[in-house]
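Chemist: Below is the structure, and that's it, no one-letter string:
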């Protein structure tokens, strides 16, 4: 009996040494300065600042034209209506920003509970055409500082056409009983892979992690601790950073965008117990809340078509509808890969946009009902802000095109100055959080989004009924 215990201790010790080396290498990667940075990055940054300077110049030259244009519009009924609506929207946006800032400053992540208090957890990792990355993901999960007897790790290959399954088998051979691996008979989509995992899971809490994401050692325990502190907590969103941000400009831009989206926006939403989307890259759900809506979730349809996108937003929506709290944990971090080419980027945004349209319509059905005992007002304000973005999408697009035709240089100047003002907050926020100059990519990101991705929301609205993951075919 003692020899078995000694053998077990040696196995665990060797596993810890191996995973500790992996963790140290990962931390070194995250904190290192890349020697392979794309040489075009500096050109893009320089061009961004040049455009902003040009924008300031154009606005200074044509500001009288702007005043005249505003005066001319105000003299007509249509123009007066437009100015009134625009002013109202600006006041709402400014007030909403102050509202978010107030809730951001009140937000505090929940500290990890003790090992004894931690719940049993099932981590589900769906994978499709991920190659070696799924191996790295599974290794990072099993390296977590989480009681092994309370941790179940399930990975499901969703009919991959590459060597993903081979890497999962290799991970299984190294990790043994620490993980369970399954293979779908054919590609059925991420939602169905997660559904299988939910039905196989035995934990009190389900954690979903994308197969192209890496978690830190403290991530799991920090992610699930809110469930033990807040009995009404139904789901928790993790904090997502970009893994492949060492070389190419798009991942660098998205990293700054993610920090704003998670550490500012979701922090504010969390203080209202109403995070609107728990990301697929890292999220946790109370198992009872999941099973309460699981049949509706797996059979969800939009305009008669099965929903094969937006599974994370849909699950969040259904749990909010139950009256549960949905929180954000800044101290639960996952690093995920993002597209590094425009083609992959806009396809990802279209998928997110369609999901946002669908789930906003679903949220509209319950958000003004008595869905929760307390704290409904904050959720409703968040919904109104989201819905206004959709509602005003086409009017703003038409106004923009009209402005471009009437006075293109004035449009360029006013738009770039607006970008300068708005993005400076993102730069300052990122810099205050991470003490690095990488926040300056916020300027480039805003310019790119304004001029190269402005069409995403209108297109997503017009094609909201379309199916398809869109980015999957890029890996074939």
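Modeler: Yep, it's here. Given the structure is predicted, the values throughout are model-derived calculations rather than measurements.

Chemist: In the lengthiest strand in the chain, which residues are buried?
Modeler: Criterion DSSP state E: the longest strand present in the chain is strand 325-336. Using 16 or more other Cβ atoms under 10 Å as the test for burial, strand 325-336 gives 325-336. (Each C-beta comes from the backbone N, C-alpha and C, glycine too.)

Chemist: Export those residues to TSV and append columns for distance to residue 399 and pLDDT.
Modeler: Listed next are those as TSV, based on distance: Cβ to Cβ, whole Å; pLDDT from 0 to 100:
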residue	distance to residue 399	pLDDT
325	38	98
326	34	98
327	37	98
328	34	98
329	39	98
330	37	98
331	42	97
332	41	98
333	39	98
334	39	98
335	39	97
336	35	97
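
Chemist: out of those, what pair is the most spread apart?
Modeler: The most widely separated members of the buried residues of strand 325-336, counting by Cβ to Cβ, are 325 and 335 (26.2 Å).

Chemist: tally of neighbours for residue 90?
Modeler: Neighbours of residue 90 under the rule other Cβ atoms under 10 Å: 10.

Chemist: do the same with residue 389
Modeler: Quick note: residue 389 (other Cβ under 10 Å) scores 12 neighbours.

Chemist: Check residue 105 too.
Modeler: 11.

Chemist: Local confidence estimate at it?
Modeler: Residue 105 is assigned a predicted lDDT (pLDDT) of 97.

Chemist: rewinding a little: what's the longest strand of the chain packed up against?
Modeler: Strand 325-336 is packed against strand 213-215, helix 219-229, strand 233-242, helix 267-271, strand 282-286, helix 311-321, with contacts defined by 3 or more Cβ pairs under 8 Å, 6 or more residues apart in numbering; DSSP states H and E.

Chemist: Looking at these, spot the one closest to residue 446.
Modeler: strand 233-242 (16.8 Å).

Chemist: and the following helix or strand past that closest one, what other elements does it pack with?
Modeler: Scanning forward in sequence from strand 233-242 by DSSP states H and E, the next helix or strand is helix 249-259. When contacts are defined as 3+ Cβ pairs under 8 Å, 6+ apart, helix 249-259 sits against helix 40-74, strand 233-242, helix 342-364, helix 408-434, helix 441-452.

Chemist: got the angle for the fourth one vs strand 325-336?
Modeler: This points to helix 408-434. Here helix 408-434 runs at an angle of 90 degrees relative to strand 325-336 (axes from the mean of the first three to the mean of the last three Cα atoms, to 10 degrees).

Chemist: can you pull the contacts of residue 355?
Modeler: Taking Cβ atoms under 8 Å, 6 or more residues apart in numbering, we find residue 355 in contact with 309-310, 313-314.

Chemist: Now neighbour count and distance to residue 164 too, for those residues, in CSV please.
Modeler: Below are the contacts of residue 355 laid out as CSV (neighbours: other Cβ atoms under 10 Å; distance: Cβ to Cβ, whole Å):
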residue, neighbour count, distance to residue 164
309, 22, 21
310, 24, 23
313, 22, 25
314, 23, 25
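
Chemist: Now stretch 99-111: buried residues?
Modeler: 99-100, 103-104, 107, 109-110.

Chemist: just how off-centre is it within its chain?
Modeler: Centroid displacement of stretch 99-111 relative to its chain, using Cα atoms, centre = their mean, to the nearest Å, is 18 Å.

Chemist: So what touches stretch 289-304?
Modeler: Contacts of stretch 289-304 (Cβ under 8 Å, 6+ apart): 191-192, 195, 198, 206, 234-235, 306-307, 311, 314-315, 318-319, 321-322, 324, 358, 464-465.

Chemist: if I read this right, residue 213 contacts residue 282, doesn't it?
Modeler: Yes. In this structure, residue 213 is within contact of residue 282 by Cβ atoms under 8 Å, at 6.4 Å.

Chemist: Need the overlap of contacts for those two.
Modeler: What both residue 213 and residue 282 touch, as defined by Cβ under 8 Å, 6+ apart, is the set 240, 334, 336.

Chemist: Just send the residues you listed back as TSV, with distance to residue 147 too.
Modeler: Formatted as TSV, the shared contacts of residue 213 and residue 282 follow (distance: Cβ to Cβ, whole Å):
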residue	distance to residue 147
240	25
334	20
336	25
